[in-house]
Structure formats: structure tokens, C-alpha cells
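# 3D, please:
(one chain, ligands or ions: 2)
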Amino acid sequence: MNDIRILLGGDDQELVATFRAVMVELTGFELVSFGRTSNEVLGMVATDQDVDVVLIDENIGPVPAHDLVREIAMRRPNCAAVLLCTTVDESALTRALEAGARGVLSRQPSLEELQSRLSTAAEWSRGMSRWIGGGHVEAVGGRRGRIIALAGAKGGTGVTTLAVQLALAASSQRPDRSVCLVDLDLQAGDIPSYLDMVHRRSIADLIEVAGEITGPMLADALFAHGEGPHVLLAPHEAERGEDVTALATRQILAALRSRYDIVIVDCGTFMTEASVTAVELADRVALTVMPDLPCLRAAKRMVGLWTRLDARKSEDIIAVLTRQSRKNEIQPDFAARILGLALAKTTIPPAFRALEKAINNGSLGRVEDDGFRRAVLQLAGELGVLGLEPADGGGGARTMTGTP
Ligand SMILES: Nc1ncnc2c1ncn2[C@@H]1O[C@H](COP(=O)(O)OP(=O)(O)OP(=O)(O)O)[C@@H](O)[C@H]1O
Ligand SMILES: [Mg+2]
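Ligands and ions are numbered 1, 2, ... in the order given. From the prediction side, this is the model:
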């Protein structure tokens, strides 16, 4: 049998040193990597499918340890999480098990304790991997959709237009795939006016039940649009936006991800706990930017904010230039240099008249501008919205050219 691969998550140097020292004594186990923050751990678990056991310090942040365990259970049901606790008692064990962990362990374990807990956890993990077939099942129930989060560097850059267009494109191009459009612009969400729809329910109806969302609850809260996508609206009363906490967002997006193939999230421009969480959880994050200096600077501030909050690294964000034409003074390469971000190969051309007409007619699905429609389809392919990963995995984006 191959060595059991262990990942350690925690920012306490003493703890890391203790485990490093004690692990060397064990044969058959390999401490393969360390993650300082919960986001790092999640990223590692998602990318390294061969990790068998994750040891998580109960003090890890910014996402609390128990929420991290829940997220791991959701993303990698065959990976065993064990919580490292200062006090190992019945209540610590109950809480850990409820979150989906395989057990708890003292932060200063004896060699025997460590060996026995790791062996049990790994045995479970490998059994589970065999059972679900190779360890690549990505969600409970075997289904894991793709989340694409879109945010605007500034107000009015066209993020809602793009979110709606991408959702419509995904539905029309891939009728075999289920598509969900989520309005997480909690203060100013205005998707209904773009999709000519009226619906009383919203994300506010899911907050209370976020931890135990069922199919019927979703069916009740979402609006099934005639052109394909199902839509989850922002709260009708803006003040209820504050109730959409990071945890609720995490749970709601997890529920959507397990039931839809594609989940497109309009995060708006004003960052809240909810939108930052979406940016953190998404498979792809796109930032809409118009080719003018104030907007490019605003984009940099947004990326700085996400980085500081540990939600997303800049190399993991793609910028989309909107209302871009050859006549603009700022051209894509220059924009990419200023931004220090990867830029989507596709830029969205201006389409004022056609969009105005489509909105007035209550149908963004029929924008009479070939260039605009082509760009949306191309971008949908680049962002993986059509369910097919681009060949180079990075969407063929212009590479980051550094910040001057
Ligand atoms: N490519 C485009 N060409 C021309 N006009 C556009 C384009 N994209 C969006 N618009 C127009 O710009 C306005 C703002 O678009 P939209 O609401 O999509 O932006 P937003 O970034 O979501 O704004 P907000 O900050 O209000 O959420 C709308 O009138 C829309 O029709
Ligand atoms: Mg908007």
C-alpha cells in the first residue's frame, strides 16, 4: 500500500513543529503539505486528489475549522478530516463529527494516539475512495456543478448584463445542462428588470434553512425562466441583505452546486460577506472592467481587497474588458499591464442601442448585435460556462504582464 498522505492545516508554528517531529517517527505516513489558512487548505484538498487525511487545527481561520470540515466533506467526500483540539472531550468530538470530521486528536498527541487515529481515518478514506470510484467524485450525491462568480470593478461596468447573457448562453447552447443564475448584489440586485420577470421569493427565503436545503425548498425559492436558467434573486428588501452571512452563502452555494451544472453569480460591485464568499468558492472569478483609468484602478483595489481577505489570489482572477473598441485609447495589452491580472482573450464590445432595445422589449435573450452575441459566446467558452473546459485550462487568457 502507498504511504498515507497527510495534509496539516494551521498557522501555529509550534503545532506545525510538533507534528513534523512526531510524524518522522511514523512509518507508512507522509506529511505532504501545510496550509496556513482555511482557504489554502481547501485549495490544496481540491487540487491534490491523493490527500487521504487532513489534520485541521481548531484555531484555523479565516473560515472557522468546523465550517472548513463541512466544506471538505462536500468537495472531497473521500478525504478524512481530523480536528486538532486543545481539549479532547465528548463535546469536542460531537461537534467535530456533526461537521463531518472523522475524529478529534489532541494538539500534542502521543505517538500511539497519532498512529491509531491516522490509521483509522486513512482506512476510512481509502475505503470511501474505492466505494465512490477512484476518489474523483466531487459532491455528495456524485454531482458538483461549476460556480462562476462575476463582479464589477465599478458600478455600471456591465456585470449584470454579462451574468444574464452568460446564463442565457449556457442554457441555449447546452440544453442538457442545468443553469442557475444567482443575484448576490444584495443591496442593488436588479436581475428581474433585465429578464422581465416578477418573483416574490428570494435568497432571503433560504437563509433560515440554509443548513438543510432540500430540492423542494430550492424549487420554491428559485424562478424558472422560460429561456432556461433558474434564478435566485437578491432580497427584495435591501436591509435583509445583511442576513446573508458568509456561512449561509456557503451553504446555499453548496446546495446549488450539488443540483445545477452551472451556477453563475452576479456579485455586483459592493463587496459583502456573501459576495466575498462567492468569490472564494467559485471555480472561476471574472472581474468586469471598462477601459478607462479610474475603472482599472478600481479593479486593482478590488483585487487588493480579495487578496487581503484571503478570498482569492490575483493570479486566479480573470479580468474582462467591457465596452472595448479599437477606438479606445486604452487597449487590452495596456490594460493587462496596469491591472497585473490575466485578461480574457474575449473583450465585450459596446452595444448600446441593441442592449437598450432588448431591455425595453424585456428580452435580453435577443440582443440584435452580432458582435456582442459572438463575444458573449466566446467568453462563455473561455470561462467554462458551456461546461467544457478550455483546452489550455486557463481560458487562453492574455498572461499577466506585471504591474508598472
Ligand atoms: N457592452 C455594453 N455596451 C453598451 N452598454 C452596456 C454594455 N453592457 C452593459 N451596458 C449597459 O450599461 C448599463 C449598466 O449595465 P449593468 O446593469 O449590466 O451593469 P452593472 O455593472 O451590473 O451595474 P450595477 O453597478 O448597477 O450593478 C445598462 O444600461 C446596460 O444596458
Ligand atoms: Mg448590476
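# how about stretch 299-306 against ligand 1, any contact?
No: in terms of CB under 6 Å from any ligand atom, no part of stretch 299-306 sits within range of ligand 1; the closest distance is 12.3 Å. Quick note: C-beta positions are derived from backbone N, CA and C, even for glycine.
# Show me which parts of that stretch are buried, residue by residue.
Buried residues in stretch 299-306, counted by 16 or more other CB atoms under 10 Å: A299, K300, M302, V303, W306.
# What about those, which are in helices?
Cross-referencing the buried residues of stretch 299-306 against helices under DSSP state H gives A299, K300, M302, V303, W306.
# Let's have the residues you listed in TSV, adding pLDDT and distance to E112.
Shown next, in TSV, are these (pLDDT from 0 to 100; distance: CB to CB, whole Å):
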residue	pLDDT	distance to E112
A299	97	54
K300	96	52
M302	97	50
V303	96	48
W306	96	44
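# Just name the closest of the residues you listed to G127, please.
Using CB to CB, W306 is the member of these that lies nearest G127, at 38.1 Å.
# Verify the stated contact: that closest one with S275.
No: using CB atoms under 8 Å, W306 is not in contact with S275, being 10.0 Å away.
# how many neighbours does D370 have?
11 (other CB atoms under 10 Å).
# for V88, same thing?
Neighbours of V88 under the rule other CB under 10 Å: 17.
# what does the one 10 residues further on give?
Per other CB under 10 Å, the neighbour tally for E98 reads 11.
# how far out from the middle of the chain is stretch 278-285?
Distance of stretch 278-285 from its chain centroid, counting by CA atoms, centre = their mean, to the nearest Å, is 3 Å.
# which residues touch it?
The contact list for stretch 278-285 (CB atoms under 8 Å, 6 or more residues apart in numbering) reads 39, 146-151, 182, 184, 249-250, 253, 265, 267, 306, 310-312, 316-318, 383-384, 395.
# you'd agree Q49 is in a helix?
No: going by DSSP: H, G, I helix; E, B strand; the rest coil, the assignment for Q49 is coil, not a helix.
# Now it, what are its backbone angles?
Q49 adopts backbone torsions of phi -70, psi -10, taken as degrees, to the nearest 10.
# same check, this time on D12
Backbone torsions of D12, given as degrees, to the nearest 10, read phi -90, psi 110.
# ok, so what distance separates it from ligand 1?
Applying CB to the nearest ligand atom, to the nearest Å, the value for D12 to ligand 1 is 41 Å.
# buried ones in stretch 57-70?
For stretch 57-70, the neighbour count (16+ other CB under 10 Å) marks D57, E58, I60, V63, P64, A65, H66, D67, L68, V69, R70 as buried.
# Spell out which residues of the stretch 51-200 of the chain are next to ligand 1.
G152, G155, G156, T157, G158, V159, T160, T161, D185, A188.
# pLDDT score for E237?
With respect to pLDDT, E237 scores 91.
# what about it, neighbour count?
10.
# Tell me how far it lies from ligand 1.
Using CB to the nearest ligand atom, which is the criterion applied here, E237 is 18 Å from ligand 1.
# if I pick that residue, what's in contact with it?
Contacts of E237 by CB under 8 Å, 6+ apart are A204.
# Can you give the contact residues for the lengthiest helix in the chain?
Counting residues, the longest helix found in the chain (DSSP H) is helix 111-132. Identification of contacts with helix 111-132 by CB under 8 Å, 6+ apart yields 4, 6, 22-23, 25-26, 29, 52-53, 77-80, 82, 102-103, 105-106, 109, 135, 142.
# do the same with stretch 21-39
Under the contact criterion CB under 8 Å, 6+ apart, stretch 21-39 has outside partners 1, 3-11, 16, 19-20, 41-44, 48, 51, 60-65, 67-68, 109, 111, 114-115, 118, 122, 280, 310-311.
# What are the buried residues along it?
For stretch 21-39, by 16+ other CB under 10 Å, it's 22-23, 26, 29, 31-39.
# Next: stretch 241-253.
G241, V244, A246, L247, A248, T249, R250, Q251, I252, L253.
# Counting neighbours, what do you get for the residue nearest to A319 when sequence neighbours are not counted?
Of all residues not flanking A319 in the chain, L341 sits nearest, at 4.6 Å (CB to CB, 6 or more residues apart in numbering). Other residues near L341 come to 27 when the count uses other CB under 10 Å.
# Over to L341: give its phi and psi.
phi -130, psi 160.
# from memory it sits against L287, does it?
Yes: using CB under 8 Å, L341 is in contact with L287, at 7.4 Å.
# Report the set of residues contacting both of the two.
With CB under 8 Å, 6+ apart as the test, L341 and L287 both reach A299, V303, I317, I318, A319.
# quick one: contacts for the first one?
Remark: with contacts taken as CB under 8 Å, 6+ apart, A299 is in contact with A153, K154, L287, V289, A319, L339, L341.
# What of the second one?
Residues in contact with V303, defined by CB under 8 Å, 6+ apart, are L287, R312, S314, I317, L339, G340, L341.
# List the residues that contact G43.
When contacts are counted by CB under 8 Å, 6+ apart, G43 touches G35.
# Then A238?
Applying CB under 8 Å, 6+ apart, we find A238 in contact with L186, Q187, A188.
# For burial, what's the neighbour tally of the second one?
In terms of burial, Q187 registers 14 neighbours under the definition other CB under 10 Å.
# what are the phi and psi values for the closest residue to it other than its chain neighbours?
Using CB to CB, 6+ apart and skipping the chain neighbours, the partner closest in space to Q187 is A238 (4.9 Å). Here is the backbone geometry of A238 (degrees, to the nearest 10): phi -50, psi -30.
# Could you report the distance from A238 to S119?
Distance, A238 to S119, by CB to CB, to the nearest Å: 53 Å.
# hmm, back to that, so of the contacts of stretch 278-285, which ones are in strands?
Of those, the ones assigned to strands by DSSP state E are R146, I147, I148, A149, L150, A151, V182, V265, I318.
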